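Novice: sequence unavailable; structure follows:
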């Protein structure tokens, strides 16, 4: 039975010694009534003192709302940049939120040139 996941496995883990040790979370979503879907991810690297934070929202009109940030962190937590995660009940319920900017892209393929997209795409506030 030692191989089965336990409630503490859903929490924060003690970082290993590697500089690139990563505490990562990912979730995707889709709302059938509005046609809005997307995904959110954080990847904390506490030994390197930074974290990756991504949010993608596919809008029903074909546009994509996107943001990525490499945020400075001082500890391993379930918060990175403007994104936070809370385990309500392990393996049953998790609350994920994002409150911050997103770039509005007419076509998600604009991210094949991220420098151009980050410097030219309009930005709006987003709350998930």
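Specialist: Thanks, I have it. This one's a predicted model, so the numbers in the text were calculated from it and none came from an experiment. Numbering: from 1, shown residues only.
Novice: show me what the strand or helix carrying residue 71 is in contact with.
Specialist: Using DSSP states H and E, residue 71 sits within strand 64-72. Among residues not part of strand 64-72, those counted as contacts by C-beta atoms under 8 Å, 6 or more residues apart in numbering are 38, 49-59, 80-82, 100-105, 107-108, 111, 114, 117, 124, 126. Where you see a C-beta, it was placed from the backbone N, CA and C, and this is true even at glycine.
Novice: direction included, what does the biggest strand by length in the chain pair against?
Specialist: Longest strand in the chain, counting residues (DSSP state E): strand 93-105. Using DSSP bridges, the strands paired with strand 93-105 are strand 64-72 (antiparallel), strand 83-89 (antiparallel), strand 123-127 (antiparallel).
Novice: mind putting these in CSV, mean neighbour count included?
Specialist: Converted to CSV, these look like this (neighbours: other C-beta atoms under 10 Å):
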stretch, mean neighbour count
strand 64-72, 18
strand 83-89, 14
strand 123-127, 11
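Novice: among these, which comes closest to residue 27?
Specialist: strand 83-89 (8.3 Å; C-beta to C-beta).
Novice: give me the mean pLDDT for that closest one.
Specialist: For strand 83-89, mean pLDDT is 93.
Novice: pLDDT-wise, which helix or strand of this structure ranks last?
Specialist: Lowest mean confidence among the helices and strands of the chain (mean pLDDT, DSSP states H and E): strand 79-80, at a mean of 86.
Novice: just list whatever residues bridge to the residue nearest the centre of the chain.
Specialist: Nearest to the geometric centre of the chain sits residue 41, at 2.4 Å (C-alpha atoms, centre = their mean). As for beta bridges, residue 41 partners with residue 26, residue 54 under DSSP bridges.
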